[in-house]
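In: Give me a model of this one.
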Amino acid sequence: MEKRIDDFLSASHRTRRLTNLSLGWGRQLAIWMNSHDEVQYSATKGHVFSLYLNGGGGTSRIDGRGKMGRPGALCIFPEGHSSTWRITEAFQFMHLYVTDEVLRAAFAKTHDQDARRLDISERILIAPGGLEGPLRQMAQASLDGDVFAADVGFSDMVAALTDQPVLLSGGLSQKTIRDVIEWVDANLETNIRLNDLANLAGLSDFHFHRMFRQTCGLSPHNWLTQFRIARAKTLLVNMPTIEVALACGFSSQSHFIRRFKEQVGVTPGRYLRMVPSAKLANPDQSVVDFALTSQQRGGNRGQLQRPDTRTPRMF
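Out: This is a model prediction of the structure:
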């Protein structure tokens, strides 16, 4: 059975998980402390973005040619990663765990590119560049238990990811994807079927499903659920939950709440309480717009605070 990196960390009696925040949709945040340990990762499941927060000078990859860690060092562990690490002094680090399909889907949507172009190659103890701000924001959100702020950080991180040249075969054109988005946007409150989308592309249901997943990183069903939830976030600020559910194409309020929590990690009510009060006073700007433009406004949500290591906060 494949294991995530946090499964390997949890197996060590020297590591301590200081925070744990689920963001839904195949994403999770954690802050860890470790000291005087040796940890081995083997053929890991999912991708991991790791940022050293405090310490790290005593941490090194055993086969890493002598490179040592430091505060602010970044590691990217792609799915299937294997390595062994030696830790000779205490340090704290944050991890973002994300599935391959979710990361590729977010990349495709944000960059308007084929999901297969995402560059998710291994990086070990490098300068974080444009990823540092979003990762620190997610670390602070993990400390605060703030899913909304974490979503903003995740959006900014995806915007900072780069592409790679890939010789693509198959998939859908960007024009077809835009046609699908426009049609779904106009018919979101209805019971959308796979055949509706396949007809837009002039393909059979089978071929559309396969080619859509190649290009967008998600199956049409999962992509549509994500689209409905993203729209719901923009409507929650000034509409009752039942009206939001119907406007976004959910069969009932309970169905909407269940899917929202699966995708976001919290209920609609709790998520709404996390939205900054300025957004509630200005409903013309959507929650999604807030997330997409946060990097342009600049700055993190305060400075990362050192957790009380004697009584770690768990979420």
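
In: Over to the residue nearest to Gly66 when sequence neighbours are not counted. Which of the three states is it?
Out: Nearest non-adjacent residue to Gly66, counting by C-beta to C-beta, 6 or more residues apart in numbering: Ser60, 7.1 Å away. (Glycine included, C-beta is placed from N, CA and C.) Look at Ser60: counting by DSSP: H, G, I helix; E, B strand; the rest coil, its state is strand.

In: next one: phi and psi at the residue lying farthest from the centre of the chain?
Out: The C-alpha centroid of the chain is most remote from Gly202, which lies 32.2 Å away (C-alpha atoms, centre = their mean). Dihedral angles of Gly202 (phi, psi; degrees, to the nearest 10) stand at phi 70, psi 30.

In: Does Ser12 touch Asn34 like I think?
Out: Yes - the criterion here is C-beta atoms under 8 Å, and Ser12 meets it with Asn34 at 7.3 Å.

In: The two: which is more packed in?
Out: Asn34 (20 against 14; other C-beta atoms under 10 Å).

In: Is it correct that that one is in contact with Ala90?
Out: Yes - at 7.4 Å, Asn34 counts as touching Ala90 under the criterion of C-beta under 8 Å.

In: Which residue ranges of the stretch 1-150 of the chain form strands?
Out: With strands called from DSSP state E, counting those that start in this stretch, the stretch 1-150 of the chain shows them at 16-24, 27-34, 37-41, 47-54, 59-61, 74-77, 83-87, 91-98, 123-126.

In: Now do the buried residues in the longest one.
Out: Going back to what we said before, that points to strand 16-24. Arg16, Leu18, Thr19, Asn20, Leu21, Ser22, Leu23, Gly24 (16 or more other C-beta atoms under 10 Å).

In: Could you save those as JSON lines and add columns showing distance to Phe208?
Out: Below are these laid out as JSON lines (distance: C-beta to C-beta, whole Å):
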{"residue": "Arg16", "distance to Phe208": "48"}
{"residue": "Leu18", "distance to Phe208": "45"}
{"residue": "Thr19", "distance to Phe208": "41"}
{"residue": "Asn20", "distance to Phe208": "38"}
{"residue": "Leu21", "distance to Phe208": "36"}
{"residue": "Ser22", "distance to Phe208": "32"}
{"residue": "Leu23", "distance to Phe208": "29"}
{"residue": "Gly24", "distance to Phe208": "27"}
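
In: Next, the contact list for Leu21, please.
Out: Gln28, Leu29, Ala30, Ala141, Ser142, Gly145, Val147, Ala150, Gly265, Phe315 (C-beta atoms under 8 Å, 6 or more residues apart in numbering).

In: okay, and for the stretch 51-200 of the chain, where does confidence drop off?
Out: 64-65 (pLDDT under 70).
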